[in-house]
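Attaching a predicted model along with its sequence, questions to come.
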Number of protein chains: 2
Amino acid sequence: MVQVKNIKELAAIIGISATTVSRVLNGKATKYRISDNTSKKVLDAAARFNYYPNIFARGLRLEKTETLGLIVPDIANPFFASIAKSIEFESRLKGYSIILCDSMDSCQTETILLQLLAGRKVEGIILAPVGLRTDHISDFLEKGVPVVIIDRYLPGIQVPSIITDNYTGALQAVEHMISKGHRKIGCIQGLNGISLNTDRVNGYKDALMNHNIRIEENLIAGNDFGEQNGYDQTMKLLSLRDRPTAILALSNLISLGIMRALSENGLAIPDDISLVAFDDQPYSAYLASPMTTVDQPKEEIGKRAVNTLLDSIHDGDTKRQTNIMLKPRLIVRNSVKDIRDIKMGS
Amino acid sequence: MVQVKNIKELAAIIGISATTVSRVLNGKATKYRISDNTSKKVLDAAARFNYYPNIFARGLRLEKTETLGLIVPDIANPFFASIAKSIEFESRLKGYSIILCDSMDSCQTETILLQLLAGRKVEGIILAPVGLRTDHISDFLEKGVPVVIIDRYLPGIQVPSIITDNYTGALQAVEHMISKGHRKIGCIQGLNGISLNTDRVNGYKDALMNHNIRIEENLIAGNDFGEQNGYDQTMKLLSLRDRPTAILALSNLISLGIMRALSENGLAIPDDISLVAFDDQPYSAYLASPMTTVDQPKEEIGKRAVNTLLDSIHDGDTKRQTNIMLKPRLIVRNSVKDIRDIKMGS
DNA sequence: CTGTTAGCGCCTTCAT
DNA sequence: ATGAAGGCGCTAACAG
């Protein structure tokens, strides 16, 4: 395979200047009124000699890298993996590549990664943030690198975000449980204090309130999106003298922990206890009993994130505040038991 | 936050030449016998003024980009997502970033992606290949960009690969089923003709042969690693007058399809039919019955892939042939029924 | 319609 | 122990 290494070489082969070659290759032939003949010769030669522009020379010159950064807390989490897939696809469509970074649920790593990506001159960053601190993010925004936040909403920070309507998702989930006769519903939550979690808890509470069910604070437990927290809190809920008949899991990892705890206690879903979890997964349908879930529009989140980011990049407006809220979808399967005709009580 | 934009600016601030600054920043202070005093001043100023070298200027000059490409068939598949996580982590440790590409199970996309990454001047590529064709890969190798293949072995191509010992994995899985009394065991396979699949099928066959069980070709079915194939082939196996008592699924997606088909037919695992699947997943333990799986050392695969690639990069030896084969692990749970004391027959 | 020139920020050779 | 100069490959400004 013949391969020419730069524009000069190519130009020499055709016998014209590098400038003209550059112009044709950048689609500026008409603008500079280059003859069709010359144009054609350039295009042919470029194809024949496998010419590809050196991206570094171009990046240096134009300060455009056609690269985006993506930071997620855990790429092995299918939720983020699906979003990453969508982001990669949409970016490629638009001529961008993505540098993938995994912050490993560490705020410190996240900070380093942000710097690293800026150093690599990405044109923008899509960030699924971790933890409670946000000052490193607002600091970073000062640099002028456009950022789009996904999965979360960062109050008080001027930055676009793409989120799911978590409030409505939780509301619908709990409404569903209530409609099946449940009144004592536990809620195992993730990291307290972040919008994602707060919104879901509020949805949970409002659903109860809408049906005049008293909110019991000891039924709202936990402080981490991980599996272990799901396990621990379930154990705690089960030890209550007046057990909940249903549990809302605020993440899919939490639901895994719940299932582990339940199974260790010889309890079956939905016969002994009902469950609805956030984040649908490919396997959700194949569990002991197919799980009712709150599905987030992962593909749409990725697509919107890329397009919003590209918009900020092209506007040069780093601080625009577009918040896009996407609708979740309650997928009803078989993890909530209908207990309407059963006497209440333990 | 003060930020200096290039080496020249920084040099001007200190009042020395850019050359000296560059030397200090590249750790060549001793080599050029630069005074400790000057060295210190440079380091301090660089930190104070947040100097980061422009990666494009450096890439242009050094032809080193500290970037690796990763191409996977489907990043939303937890198997590849886990490997990606490991690759990202290991790369970062070594000072490399990774550009993530999803070939969407398309050989054509894979070819394009290979070109794209070469155009982006990645120093090397980790590729989980798709499909049966390999000529685009051998063509690509001519370019001199180091490549490491994961998940598969490409016979006849001079390229390092990191794979799991699929033969042994399948062998152990089937030995396990046989030890529980199964003799009529179906095997739903993925894409025929690729090493990954062939090795697993051979392991399956040899396990049967070791126990003098006749190999029935109609029990070995399918030609795709996807969920639908798992479903279709299960339907076919179930329609056999002499049904298998157990099935080996050659991918986790296939096992999802199997579960769907089984559930539609009102069949339970392991009571009505037993199942072992390749690729352990976080949820495997929480299924209707916890699934026995053949787990691949995903973290190790990623780590080895990065280090092998880095070795080829530093050697400048594109065509070395290191094939690393890692041991799988059979995780025994509860999806294989013990039928030893039961009369054989349908 | 096409070419010449200069410079993006960096590192290395050569010079001192 | 430090600097000056040149060039990596590209494109935009300027010049015809």
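Nice, thanks for sending it over.

where along chain A do the helices fall?
Under the criterion DSSP state H, chain A contains helices at A:7-14, A:18-25, A:36-48, A:55-62, A:78-93, A:107-119, A:135-141, A:166-179, A:195-210, A:227-238, A:252-264, A:298-315.

Dump the ones you listed to a markdown table, plus distance to A:N334 and mean pLDDT.
(C-beta placed from N, C-alpha, C; glycine too.) Below are those laid out as a markdown table (distance: least, C-beta to C-beta, whole Å; pLDDT from 0 to 100):
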| stretch | distance to A:N334 | mean pLDDT |
| --- | --- | --- |
| helix A:7-14 | 63 | 89 |
| helix A:18-25 | 59 | 90 |
| helix A:36-48 | 57 | 87 |
| helix A:55-62 | 52 | 89 |
| helix A:78-93 | 21 | 96 |
| helix A:107-119 | 38 | 93 |
| helix A:135-141 | 41 | 92 |
| helix A:166-179 | 12 | 98 |
| helix A:195-210 | 21 | 97 |
| helix A:227-238 | 19 | 96 |
| helix A:252-264 | 14 | 91 |
| helix A:298-315 | 23 | 94 |
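
would you turn the ones you listed into TSV with distance to A:I99 and mean neighbour count?
Shown next, in TSV, are those (distance: least, C-beta to C-beta, whole Å; neighbours: other C-beta atoms under 10 Å in any protein chain shown):
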stretch	distance to A:I99	mean neighbour count
helix A:7-14	26	16
helix A:18-25	25	18
helix A:36-48	27	14
helix A:55-62	13	17
helix A:78-93	10	23
helix A:107-119	6	19
helix A:135-141	16	15
helix A:166-179	28	23
helix A:195-210	25	20
helix A:227-238	29	21
helix A:252-264	26	23
helix A:298-315	13	20
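
In CSV: these, plus distance to B:N265.
Output for those, formatted as CSV (distance: least, C-beta to C-beta, whole Å):
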stretch, distance to B:N265
helix A:7-14, 63
helix A:18-25, 59
helix A:36-48, 55
helix A:55-62, 54
helix A:78-93, 27
helix A:107-119, 47
helix A:135-141, 52
helix A:166-179, 28
helix A:195-210, 37
helix A:227-238, 32
helix A:252-264, 24
helix A:298-315, 31
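
can you redo those helices as a markdown table with distance to DNA strand D?
Shown next, in a markdown table, are the helices of chain A (distance: least, C-beta to the nearest atom of the strand, whole Å):
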| stretch | distance to DNA strand D |
| --- | --- |
| helix A:7-14 | 3 |
| helix A:18-25 | 3 |
| helix A:36-48 | 10 |
| helix A:55-62 | 3 |
| helix A:78-93 | 20 |
| helix A:107-119 | 18 |
| helix A:135-141 | 28 |
| helix A:166-179 | 44 |
| helix A:195-210 | 41 |
| helix A:227-238 | 49 |
| helix A:252-264 | 45 |
| helix A:298-315 | 15 |
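
Domain map for chain A?
A:7-53, A:65-164+A:297-327, A:166-296+A:331-345 (automatic domain parsing).

you'd agree A:A268 is up against A:M259?
No. Judged on C-beta atoms under 8 Å, A:A268 makes no contact with A:M259 at a distance of 10.3 Å.

overlap in contacts of those two?
Common contacts of A:A268 and A:M259, defined by C-beta atoms under 8 Å, 6 or more residues apart in numbering or on different chains, comprise A:A288.

Span of stretch A:84-103 from start to end?
For stretch A:84-103, the first-to-last residue distance is 14 Å (C-alpha to C-alpha, to the nearest Å).

Briefly note if that stretch comes near chain B.
Yes. Counting by C-beta under 8 Å from any C-beta of the partner chain, chain B is contacted by stretch A:84-103 at A:84-85, A:88-89, A:92, A:97-102.

Farthest-apart pair in these, please.
The span of these, defined through C-beta to C-beta, is set by A:R92 and A:D102 at 20.1 Å.

can I get the domains of chain A in JSON lines with distance to DNA strand C?
Listed next are these as JSON lines, based on distance: least, C-beta to the nearest atom of the strand, whole Å:
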{"stretch": "domain A:7-53", "distance to DNA strand C": "3"}
{"stretch": "domain A:65-164+A:297-327", "distance to DNA strand C": "10"}
{"stretch": "domain A:166-296+A:331-345", "distance to DNA strand C": "37"}
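
Dump these into CSV; add distance to A:G59 as well.
Below are the domains of chain A laid out as CSV (distance: least, C-beta to C-beta, whole Å):
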stretch, distance to A:G59
domain A:7-53, 10
domain A:65-164+A:297-327, 5
domain A:166-296+A:331-345, 35
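
Quick check: the residue of the stretch 101-250 of chain A nearest chain B.
A:G119 (4.5 Å; C-beta to the nearest C-beta).

Apart from its chain neighbours, what residue comes closest to that residue?
Residue nearest to A:G119 in three dimensions, not counting chain neighbours: B:Y52, with 4.5 Å by C-beta to C-beta, 6 or more residues apart in numbering or on different chains.

Next: A:C107.
A:G131 (4.0 Å).

Also A:T322?
Among residues not flanking A:T322 along the chain, A:P160 sits closest, at 4.3 Å (C-beta to C-beta, 6+ apart).

can you pull the pLDDT of the one you found?
If you check A:P160, the pLDDT there is 95.

Does it touch A:T308 like I think?
Yes. Under the criterion of C-beta under 8 Å, A:P160 makes contact with A:T308 at 5.1 Å.

who touches both of these two?
Both A:P160 and A:T308 are contacted by A:148, A:322, A:324, under the criterion C-beta under 8 Å, 6+ apart.

tally of neighbours for the first one?
What that stands for is A:V148. 24 (other C-beta atoms under 10 Å in any protein chain shown).

got the contact list for A:V159?
A:V159 makes contact with A:137, A:141, A:147-149, A:319, A:321, according to C-beta under 8 Å, 6+ apart.

10 Å instead?
By C-beta atoms under 10 Å, 6 or more residues apart in numbering or on different chains, A:V159 lies in contact with A:127, A:134, A:137-138, A:140-141, A:146-149, A:153, A:312, A:318-323.

can you check A:T30 too?
Going by C-beta under 10 Å, 6+ apart, the list of residues near A:T30 reads A:23, A:36, A:39.

which among the residues you listed gets closest to B:C107?
Using C-beta to C-beta, these come closest to B:C107 at A:S39, 32.5 Å.

what pLDDT does the residue nearest to that closest one when sequence neighbours are not counted get?
Once flanking residues are discounted, A:S39 sits nearest to A:A29: 4.7 Å by C-beta to C-beta, 6+ apart. A:A29 is assigned a pLDDT of 83 by the prediction.

What about A:D279, how many residues nearby?
Neighbours of A:D279 (other C-beta under 10 Å): 25.

residue contacts, it?
A:D279 neighbours (C-beta under 10 Å, 6+ apart): A:77-79, A:82, A:164, A:169, A:225, A:249-255, A:293-296, A:298, A:328.

What about chain B: which of those touch it?
Taking C-beta under 10 Å from any C-beta of the partner chain as the test, chain B is in contact with A:77-79, A:82, A:252-253, A:255, A:298 out of the contacts of A:D279.

Pull the contacting residues for the residue lying closest to A:R23 once chain neighbours are set aside.
With C-beta to C-beta, 6+ apart as the criterion, A:R23 has its nearest non-adjacent residue at 5.1 Å, and that residue is A:Y32. By C-beta under 10 Å, 6+ apart, A:Y32 lies in contact with A:19-20, A:23-24, A:26.

mind giving me TSV with those and columns for distance to B:L219?
Converted to TSV, the contacts of A:Y32 look like this (distance: C-beta to C-beta, whole Å):
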residue	distance to B:L219
A:T19	67
A:T20	66
A:R23	64
A:V24	60
A:N26	59
